[in-house]
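J.: got a sequence here, can you model it:
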Amino acid sequence: MFVDFILTRILNKDVFISFQVNQAMRPVAASLANQKAVTLEGLRHAAFLYQLSPEGNIKLWDTLIQVLRKFLEGALQNHNKIPSKNGFHEFKIAIAILDHFELLTNPADQLQLRFLESVCKLCLQAEKALSLGKGSPLRPNLMKYLSKLSLEYINQVFTTYLPNPEWNSFFLYFLQQNNASSLRETLLQSSAPIVHTMCIRQNPINPSTSVSYTEKELAEIQFFGVKCTHILSRFHPESVLNDLEIFNALKMLWETPNYQQGIQFNNWEVDVQTWKEPLYVCKMLLMYYKKNPEDIDLLFLLLLAFCGKPVSQYQVRFFSRSFG
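T.: Just a heads-up that it's a prediction; the model follows:
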């Protein structure tokens, strides 16, 4: 009886706190709906209230997404109309909203996952419109938010937005940051996405639209997978070398006749995939050979790099150090 009494008091207390928080949230949410009334203090107030009782406050996310869209649009309009102001105030509020997304995120709440795509699209579209690159002030807060949803973000990129240049470029930038350990670890736990991209020519179908990729898209996706693997090999060489699926995918790429023909080009009008991708693959296979020097077949396969004309790309010194 005493235990039941204590549990009843605790449950009633939680219900009371949730009710009080929801009551306090209403005027805060109403003030956020008015763009002119949005302040940094109001955003902090909303974040603290949400952390006290996240249940039932999913409408706050809808409101914040709309407010973020309005402020980014306002920053772009002021930047175009009045270059001297550059939309600094609106941009500062947009950055603050992104900063609070990380506080509001709860990976266990499936309803919040539908906002991931909206947040990324708004930020990447704003960067493109404002001609912002790697130094964009939106990126640090966006990366903190995405770090809490690493698995969901990876699934989004490698399915829906695989051939999208803005999404792919930002993912590669994010992956090589020092504070992106959760993203790298999640990607290494299941290497299927990057193996699929490296072997995309075996199944050139977009899983979200069931439409075949073009030849240009296939080249971009394959290079994206190789670049992801190369970045992972810099931070976690042992994990990459011990993954047999990744090694087989790299070896298959290197052995492909068309791939070798791509190395032996006769003119300088080539894209980045033709020039850089074989070098990345070769370096990772050399890393594997250094760990497994008994694999003589792999050694002779790597020597194919010297059969083409751009020998300077594959420096003899680099090979000799690896073989030594």
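J.: tell me how many other residues crowd Leu298.
T.: The local packing count at Leu298 equals 18, with neighbours defined by other Cβ atoms under 10 Å. In this view, the C-beta of every residue, glycine as well, is placed from N, C-alpha and C.
J.: pLDDT weak spots in the stretch 151-300 of the chain?
T.: In the prediction, the stretch 151-300 of the chain carries residues with pLDDT under 70 at positions 206-209, 258-275.
J.: ok, 90 please
T.: Within the stretch 151-300 of the chain, the segments meeting pLDDT under 90 span 152, 156, 159-166, 179, 190-193, 199-220, 241-242, 253-283, 285-300.
J.: the helices in it, which residues?
T.: Assigned helices in the stretch 151-300 of the chain, in chain order: 165-175, 181-189, 192-198, 215-235, 237-241, 244-255, 257-263, 272-291, 296-302 (criterion: DSSP state H, counting those that start in this stretch).
J.: quick one, which of these is nearest to Glu127?
T.: Of all the helices of the stretch 151-300 of the chain, helix 165-175 sits nearest to Glu127, with 7.7 Å by Cβ to Cβ.
J.: so that closest one versus helix 181-189, what angle?
T.: 100 degrees (axes from the mean of the first three to the mean of the last three Cα atoms, to 10 degrees).
J.: same for helix 165-175, what does it pack against?
T.: helix 114-129, helix 138-147, helix 150-159, helix 181-189, helix 215-235 (3 or more Cβ pairs under 8 Å, 6 or more residues apart in numbering; DSSP states H and E).
J.: how many neighbours does Asn178 have?
T.: In terms of burial, Asn178 registers 6 neighbours under the definition other Cβ under 10 Å.
J.: that one and Arg184, how far apart?
T.: The spacing between Asn178 and Arg184, counted by Cβ to Cβ, to the nearest Å, is 10 Å.
J.: next one: Lys290
T.: Taking Cβ to Cβ as the criterion, Lys290 is separated from Arg184 by 22 Å.
J.: next: Val226.
T.: Val226 is 16 Å from Arg184, by Cβ to Cβ.
J.: the two - which one has more neighbours?
T.: When neighbours are counted by other Cβ under 10 Å, Val226 comes out ahead of the other of Val226 and Arg184, with 24 against 21.
J.: surely that one touches Val281?
T.: Yes: Val226 is in contact with Val281 according to Cβ atoms under 8 Å; the separation is 6.1 Å.
J.: shared neighbours, these two?
T.: With contacts taken as Cβ atoms under 8 Å, 6 or more residues apart in numbering, the residues that reach both Val226 and Val281 are 250, 253.
J.: export stretch 133-142 as PDB, just CAs?
T.: Once non-C-alpha atoms are left out, stretch 133-142 reads as follows in PDB (Å, rounded to 0.1, in the frame of the first residue of the first chain):
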ATOM      1  CA  GLY A 133      30.800  27.600 -48.500                       C
ATOM      2  CA  LYS A 134      32.800  25.700 -45.800                       C
ATOM      3  CA  GLY A 135      32.900  28.800 -43.600                       C
ATOM      4  CA  SER A 136      29.200  29.100 -43.300                       C
ATOM      5  CA  PRO A 137      28.100  30.000 -39.700                       C
ATOM      6  CA  LEU A 138      25.200  27.700 -40.100                       C
ATOM      7  CA  ARG A 139      27.300  24.600 -40.200                       C
ATOM      8  CA  PRO A 140      28.600  24.300 -36.600                       C
ATOM      9  CA  ASN A 141      25.100  24.300 -35.100                       C
ATOM     10  CA  LEU A 142      23.700  22.100 -37.900                       C
END
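J.: who touches that stretch?
T.: 91, 94-95, 98-99, 101-102, 119-120, 123, 126-127, 132, 170, 173-174.
J.: mind listing what the nearest residue to His236 once chain neighbours are set aside touches?
T.: The shortest distance from His236 to any residue other than its chain neighbours is 6.0 Å, reached at Leu188 (Cβ to Cβ, 6 or more residues apart in numbering). Under the criterion of Cβ under 8 Å, 6+ apart, the contact partners of Leu188 comprise 232, 236, 239-240, 243.
J.: pretty sure Phe174 contacts Ala180?
T.: Yes: counting by Cβ under 8 Å, Phe174 does reach Ala180; the two are 5.4 Å apart.
J.: common neighbours of the two, please.
T.: Met143.
J.: Leu124 reaches Phe171, doesn't it?
T.: No: taking Cβ under 8 Å as the contact criterion, Leu124 and Phe171 are not neighbours in contact, 10.4 Å apart.
J.: compare the two and say which is more crowded by neighbours.
T.: Taking Leu124 and Phe171 together and counting by other Cβ under 10 Å, Phe171 has the greater number of neighbours (26 against 21).
J.: quick check: the more buried one vs Leu113, distance?
T.: Taking Cβ to Cβ as the measure, Phe171 falls 18 Å from Leu113.
J.: in contact with Val195, which residues?
T.: 225, 245-246, 249.
J.: rerun that using 7 Å as the cut-off
T.: Applying Cβ atoms under 7 Å, 6 or more residues apart in numbering, one finds that Val195 lies in contact with 245-246, 249.
J.: fine by me, thanks again.
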